[in-house]
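Attaching a predicted model along with its sequence, questions to come.
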Amino acid sequence: MCRWRTWSSSARKQSRGPLAVFFISDLHLCASRPEINRIFFEFLRGPARDAESLYILGDLFEYWAGDDDLDDPFNASVISALAECSRAGPAVHVMHGNRDFLLSGDFARACNARLIADPHPLDLFKTPTLLMHGDTLCTDDRDYQEFRAKVRAPARIKDFLALPLGQRKEQIEVMRRASESEKKRKAPVLMDVNTGAVEAVFREHGYPRLIHGHTHRPARHEHRVDGRTCERWVLADWYRTGSYLRCDERGCAPVQIL
Ligand code: MN
(Lines give C-alpha, C1' and ligand atoms only; values in the text may rest on other atoms or scores of the structure.)
Protein backbone atom coordinates (compact mmCIF):
# COMPACT_ATOMS: atom_id res chain seq x y z
CA MET A 1 0.00 0.00 0.00
CA CYS A 2 1.22 3.49 -0.80
CA ARG A 3 1.55 5.42 2.45
CA TRP A 4 2.04 8.94 1.28
CA ARG A 5 0.48 10.92 4.04
CA THR A 6 1.13 11.98 7.57
CA TRP A 7 -0.04 9.47 10.08
CA SER A 8 -2.32 10.54 12.85
CA SER A 9 -1.09 10.28 16.37
CA SER A 10 -4.06 8.11 17.24
CA ALA A 11 -3.26 4.41 17.20
CA ARG A 12 -6.80 3.64 16.08
CA LYS A 13 -6.41 5.84 13.02
CA GLN A 14 -2.91 4.55 12.30
CA SER A 15 -4.19 1.04 12.00
CA ARG A 16 -6.59 2.08 9.27
CA GLY A 17 -4.18 3.66 6.81
CA PRO A 18 -4.29 7.14 5.33
CA LEU A 19 -7.03 9.35 6.67
CA ALA A 20 -10.09 9.75 4.52
CA VAL A 21 -13.59 11.05 5.00
CA PHE A 22 -16.50 9.47 3.11
CA PHE A 23 -19.75 11.11 2.03
CA ILE A 24 -22.92 9.36 0.90
CA SER A 25 -26.53 10.43 0.41
CA ASP A 26 -29.81 9.48 -1.18
CA LEU A 27 -29.73 5.78 -0.40
CA HIS A 28 -33.50 5.82 0.01
CA LEU A 29 -33.27 2.55 1.92
CA CYS A 30 -36.48 0.57 2.29
CA ALA A 31 -37.33 -3.08 2.79
CA SER A 32 -38.48 -3.46 -0.83
CA ARG A 33 -35.00 -2.85 -2.35
CA PRO A 34 -32.98 -5.75 -0.92
CA GLU A 35 -30.15 -5.49 -3.47
CA ILE A 36 -29.26 -1.91 -2.45
CA ASN A 37 -29.61 -2.84 1.21
CA ARG A 38 -27.12 -5.64 0.69
CA ILE A 39 -24.67 -3.26 -1.04
CA PHE A 40 -25.05 -0.79 1.85
CA PHE A 41 -24.48 -3.41 4.53
CA GLU A 42 -21.38 -4.63 2.67
CA PHE A 43 -20.16 -1.06 2.38
CA LEU A 44 -20.54 -0.62 6.15
CA ARG A 45 -18.69 -3.87 6.83
CA GLY A 46 -16.00 -3.12 4.24
CA PRO A 47 -14.76 0.16 2.74
CA ALA A 48 -16.55 2.43 5.25
CA ARG A 49 -14.43 1.06 8.08
CA ASP A 50 -11.32 2.62 6.55
CA ALA A 51 -12.81 6.09 6.84
CA GLU A 52 -12.07 8.45 9.68
CA SER A 53 -15.61 9.79 9.36
CA LEU A 54 -18.67 8.82 7.38
CA TYR A 55 -21.17 11.56 6.56
CA ILE A 56 -24.66 10.58 5.43
CA LEU A 57 -26.04 13.73 3.81
CA GLY A 58 -29.75 12.99 3.85
CA ASP A 59 -32.29 10.51 2.55
CA LEU A 60 -30.65 7.50 4.14
CA PHE A 61 -34.18 6.16 4.34
CA GLU A 62 -36.96 6.34 1.77
CA TYR A 63 -39.07 7.64 4.62
CA TRP A 64 -38.94 7.88 8.39
CA ALA A 65 -42.18 7.97 10.35
CA GLY A 66 -40.63 8.75 13.74
CA ASP A 67 -38.12 7.34 16.23
CA ASP A 68 -40.81 5.10 17.72
CA ASP A 69 -40.30 2.99 14.56
CA LEU A 70 -36.80 1.85 15.59
CA ASP A 71 -38.02 -1.69 16.22
CA ASP A 72 -39.37 -2.22 12.74
CA PRO A 73 -37.27 -5.20 11.58
CA PHE A 74 -35.89 -3.43 8.53
CA ASN A 75 -35.08 -0.22 10.41
CA ALA A 76 -33.48 -2.26 13.18
CA SER A 77 -31.24 -4.03 10.64
CA VAL A 78 -29.99 -0.70 9.25
CA ILE A 79 -29.44 0.71 12.73
CA SER A 80 -27.46 -2.27 13.97
CA ALA A 81 -25.31 -2.23 10.80
CA LEU A 82 -24.58 1.48 11.34
CA ALA A 83 -23.86 0.96 15.04
CA GLU A 84 -21.48 -1.91 14.31
CA CYS A 85 -19.67 0.16 11.69
CA SER A 86 -19.29 3.23 13.90
CA ARG A 87 -18.02 1.15 16.82
CA ALA A 88 -15.44 -0.46 14.55
CA GLY A 89 -14.13 2.73 13.02
CA PRO A 90 -15.55 5.86 11.52
CA ALA A 91 -17.44 8.55 13.37
CA VAL A 92 -20.85 8.45 11.69
CA HIS A 93 -22.73 11.70 11.08
CA VAL A 94 -26.28 11.86 9.76
CA MET A 95 -27.99 14.86 8.16
CA HIS A 96 -31.70 15.02 7.48
CA GLY A 97 -32.93 14.65 3.93
CA ASN A 98 -36.36 15.62 2.71
CA ARG A 99 -37.53 12.01 3.18
CA ASP A 100 -36.14 11.31 6.62
CA PHE A 101 -36.20 14.66 8.39
CA LEU A 102 -37.98 13.08 11.36
CA LEU A 103 -34.85 11.13 12.33
CA SER A 104 -34.14 12.19 15.86
CA GLY A 105 -32.10 11.60 19.02
CA ASP A 106 -33.24 8.03 19.73
CA PHE A 107 -32.25 6.98 16.22
CA ALA A 108 -28.85 8.66 16.54
CA ARG A 109 -28.17 7.04 19.92
CA ALA A 110 -29.24 3.62 18.64
CA CYS A 111 -26.79 3.74 15.76
CA ASN A 112 -23.99 5.48 17.65
CA ALA A 113 -24.13 8.40 15.23
CA ARG A 114 -24.41 12.14 15.51
CA LEU A 115 -27.17 14.16 13.86
CA ILE A 116 -25.83 17.24 12.13
CA ALA A 117 -27.66 20.35 10.96
CA ASP A 118 -28.17 21.37 7.34
CA PRO A 119 -25.97 23.23 6.42
CA HIS A 120 -22.99 21.85 8.33
CA PRO A 121 -19.59 23.56 8.03
CA LEU A 122 -16.59 21.25 8.16
CA ASP A 123 -12.84 21.75 8.08
CA LEU A 124 -12.04 19.02 5.57
CA PHE A 125 -8.28 18.57 5.47
CA LYS A 126 -7.90 22.35 5.83
CA THR A 127 -10.36 23.13 3.03
CA PRO A 128 -13.46 24.83 4.45
CA THR A 129 -16.31 22.65 3.22
CA LEU A 130 -20.03 23.08 3.58
CA LEU A 131 -22.28 20.03 3.75
CA MET A 132 -25.94 20.21 2.74
CA HIS A 133 -28.66 17.82 1.70
CA GLY A 134 -29.30 20.05 -1.31
CA ASP A 135 -33.07 20.45 -1.43
CA THR A 136 -32.90 24.03 -0.12
CA LEU A 137 -30.84 24.92 -3.22
CA CYS A 138 -33.68 23.91 -5.56
CA THR A 139 -35.37 27.28 -5.27
CA ASP A 140 -36.90 27.17 -8.77
CA ASP A 141 -39.31 24.54 -7.50
CA ARG A 142 -41.55 26.90 -5.59
CA ASP A 143 -44.22 24.25 -4.92
CA TYR A 144 -41.62 22.05 -3.28
CA GLN A 145 -40.20 24.88 -1.15
CA GLU A 146 -43.71 25.75 0.00
CA PHE A 147 -44.40 22.10 0.86
CA ARG A 148 -41.05 21.88 2.65
CA ALA A 149 -41.77 24.91 4.83
CA LYS A 150 -45.20 23.53 5.67
CA VAL A 151 -44.17 20.01 6.70
CA ARG A 152 -41.10 21.20 8.60
CA ALA A 153 -42.94 23.72 10.77
CA PRO A 154 -42.32 22.65 14.41
CA ALA A 155 -46.05 22.75 15.27
CA ARG A 156 -46.86 20.53 12.30
CA ILE A 157 -44.11 18.06 13.24
CA LYS A 158 -45.40 17.92 16.81
CA ASP A 159 -48.97 17.24 15.65
CA PHE A 160 -47.78 14.63 13.16
CA LEU A 161 -45.69 12.75 15.73
CA ALA A 162 -48.69 12.72 18.09
CA LEU A 163 -50.57 10.52 15.59
CA PRO A 164 -50.39 6.74 15.98
CA LEU A 165 -47.44 5.24 14.05
CA GLY A 166 -49.69 3.34 11.63
CA GLN A 167 -51.58 6.46 10.71
CA ARG A 168 -48.32 8.37 10.12
CA LYS A 169 -47.10 5.64 7.78
CA GLU A 170 -50.36 5.80 5.83
CA GLN A 171 -50.09 9.58 5.46
CA ILE A 172 -46.46 9.30 4.34
CA GLU A 173 -47.46 6.69 1.74
CA VAL A 174 -50.07 9.09 0.33
CA MET A 175 -47.48 11.91 0.20
CA ARG A 176 -44.90 9.67 -1.45
CA ARG A 177 -47.33 8.67 -4.19
CA ALA A 178 -48.29 12.32 -4.80
CA SER A 179 -44.61 13.30 -4.94
CA GLU A 180 -43.79 10.51 -7.43
CA SER A 181 -46.52 11.58 -9.85
CA GLU A 182 -45.57 15.26 -9.42
CA LYS A 183 -41.92 14.52 -10.23
CA LYS A 184 -42.98 13.01 -13.56
CA ARG A 185 -44.91 16.15 -14.37
CA LYS A 186 -42.22 18.66 -13.38
CA ALA A 187 -39.64 20.05 -15.80
CA PRO A 188 -36.24 18.47 -14.99
CA VAL A 189 -34.64 21.93 -14.63
CA LEU A 190 -37.02 22.67 -11.74
CA MET A 191 -35.60 19.76 -9.81
CA ASP A 192 -31.97 20.89 -10.07
CA VAL A 193 -30.24 23.49 -7.96
CA ASN A 194 -30.62 27.17 -8.76
CA THR A 195 -27.23 28.68 -9.60
CA GLY A 196 -28.06 31.90 -7.76
CA ALA A 197 -28.93 29.93 -4.62
CA VAL A 198 -25.62 28.03 -4.86
CA GLU A 199 -23.66 31.26 -5.31
CA ALA A 200 -25.45 32.84 -2.35
CA VAL A 201 -24.42 29.88 -0.18
CA PHE A 202 -20.79 30.12 -1.31
CA ARG A 203 -20.81 33.86 -0.56
CA GLU A 204 -22.54 33.53 2.82
CA HIS A 205 -20.14 30.84 4.03
CA GLY A 206 -16.91 32.40 2.81
CA TYR A 207 -16.47 30.51 -0.49
CA PRO A 208 -16.01 27.01 0.84
CA ARG A 209 -16.19 23.76 -1.04
CA LEU A 210 -19.79 22.49 -1.14
CA ILE A 211 -20.86 18.84 -0.96
CA HIS A 212 -24.53 17.93 -1.33
CA GLY A 213 -26.91 15.30 -2.66
CA HIS A 214 -30.65 15.31 -3.33
CA THR A 215 -30.70 16.02 -7.07
CA HIS A 216 -29.42 12.54 -8.04
CA ARG A 217 -27.15 14.21 -10.62
CA PRO A 218 -23.65 13.23 -9.52
CA ALA A 219 -21.02 15.62 -10.79
CA ARG A 220 -18.24 18.00 -9.90
CA HIS A 221 -19.07 21.61 -10.72
CA GLU A 222 -16.95 24.71 -10.58
CA HIS A 223 -18.59 28.04 -9.80
CA ARG A 224 -16.94 31.41 -10.29
CA VAL A 225 -18.24 33.53 -7.42
CA ASP A 226 -16.95 37.08 -6.93
CA GLY A 227 -13.78 36.17 -8.79
CA ARG A 228 -13.14 33.00 -6.77
CA THR A 229 -13.38 29.44 -8.02
CA CYS A 230 -15.58 27.27 -5.80
CA GLU A 231 -16.00 23.54 -6.06
CA ARG A 232 -19.37 21.78 -5.73
CA TRP A 233 -19.66 18.02 -5.49
CA VAL A 234 -23.05 16.40 -6.06
CA LEU A 235 -23.33 12.92 -4.59
CA ALA A 236 -24.87 10.01 -6.48
CA ASP A 237 -28.00 8.21 -5.38
CA TRP A 238 -28.03 4.50 -4.53
CA TYR A 239 -30.64 3.34 -7.01
CA ARG A 240 -28.66 1.09 -9.33
CA THR A 241 -25.53 0.72 -7.28
CA GLY A 242 -23.80 2.35 -4.35
CA SER A 243 -21.15 5.04 -4.42
CA TYR A 244 -19.38 7.41 -2.11
CA LEU A 245 -17.26 10.53 -2.31
CA ARG A 246 -13.86 9.91 -0.77
CA CYS A 247 -11.93 12.95 0.41
CA ASP A 248 -8.42 13.11 1.76
CA GLU A 249 -5.62 15.65 1.92
CA ARG A 250 -5.23 15.60 -1.85
CA GLY A 251 -8.89 16.29 -2.63
CA CYS A 252 -12.09 14.42 -3.35
CA ALA A 253 -12.97 11.67 -5.80
CA PRO A 254 -16.13 9.65 -6.32
CA VAL A 255 -15.88 5.89 -5.86
CA GLN A 256 -18.44 3.54 -7.33
CA ILE A 257 -19.17 0.30 -5.52
CA LEU A 258 -19.26 -2.47 -8.09
MN1 MN B 1 -33.60 14.34 -1.17
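That came through, no problem.

so which strand or helix has residue 230?
strand 228-234 (DSSP states H and E).

what comes up buried for that strand?
For strand 228-234, the neighbour count (16 or more other CB atoms under 10 Å) marks 230-234 as buried. Any C-beta I mention is one placed from the backbone N, CA and C, and that applies to glycine too.

Go through these and say which is closest to the ion.
residue 234 (11.7 Å; CB to the ion).

Could you find the closest non-adjacent residue to residue 107?
Closest residue to residue 107 apart from its sequence neighbours, by CB to CB, 6 or more residues apart in numbering: residue 67 at 5.1 Å.

I'd say that neighbour and residue 106 touch.
Yes. Between residue 67 and residue 106 there is a contact at 3.9 Å, judged by CB atoms under 8 Å.

Quick check: whichever residue of the chain sits closest to the ion vs residue 91, distance?
Shortest the chain-to-the ion distance, computed as CB to the ion: residue-wise this is residue 214, at 3.8 Å. To residue 91, residue 214 is 23 Å away according to CB to CB, to the nearest Å.

Looking at the two, which is more packed in?
Taking other CB atoms under 10 Å, residue 214 and residue 91 do not tie; residue 214 has more neighbours (26 against 14).

can you pull the contacts of the residue nearest to that one when sequence neighbours are not counted?
Sequence neighbours aside, residue 134 is the residue nearest to residue 214 in space, at 3.2 Å (criterion: CB to CB, 6+ apart). Residues counted as contacts of residue 134 (CB atoms under 8 Å, 6 or more residues apart in numbering) are 25, 57-58, 193, 212-215, 234.

Also residue 214?
Shown in contact with residue 214 (CB under 8 Å, 6+ apart): 25-26, 58-59, 97-98, 133-135, 137-138.

hmm, try it at 6 Å
Neighbouring residues of residue 214 by CB atoms under 6 Å, 6 or more residues apart in numbering: 133-135.

rewinding a little: would you list the buried residues of strand 228-234 in TSV and tack on distance to the ion and pLDDT?
Output for these, formatted as TSV (distance: CB to the ion, whole Å; pLDDT from 0 to 100):
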residue	distance to the ion	pLDDT
230	22	97
231	21	97
232	16	98
233	16	98
234	12	98
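
Quickly name whichever of the residues you listed is closest to residue 63.
The closest of the buried residues of strand 228-234 to residue 63 turns out to be residue 234 (CB to CB; 22.3 Å).

Run through the bridge partners of the closest one.
residue 212, residue 219 (DSSP bridges).

from what I can see it touches residue 216, true?
No. Residue 234 is not in contact with residue 216 according to CB atoms under 6 Å; the separation is 8.5 Å.

In the strand or helix carrying residue 37, which residues are buried?
Residue 37 belongs to helix 34-45 when elements are defined using DSSP H and E. Going by neighbour count (16+ other CB under 10 Å), the buried part of helix 34-45 is 36-37, 39-41, 43-44.

One more: stretch 63-74?
63-67, 69.

Between which two of the residues you listed is the distance greatest?
Largest separation among the buried residues of stretch 63-74 by CB to CB: 63 and 67, giving 13.3 Å.
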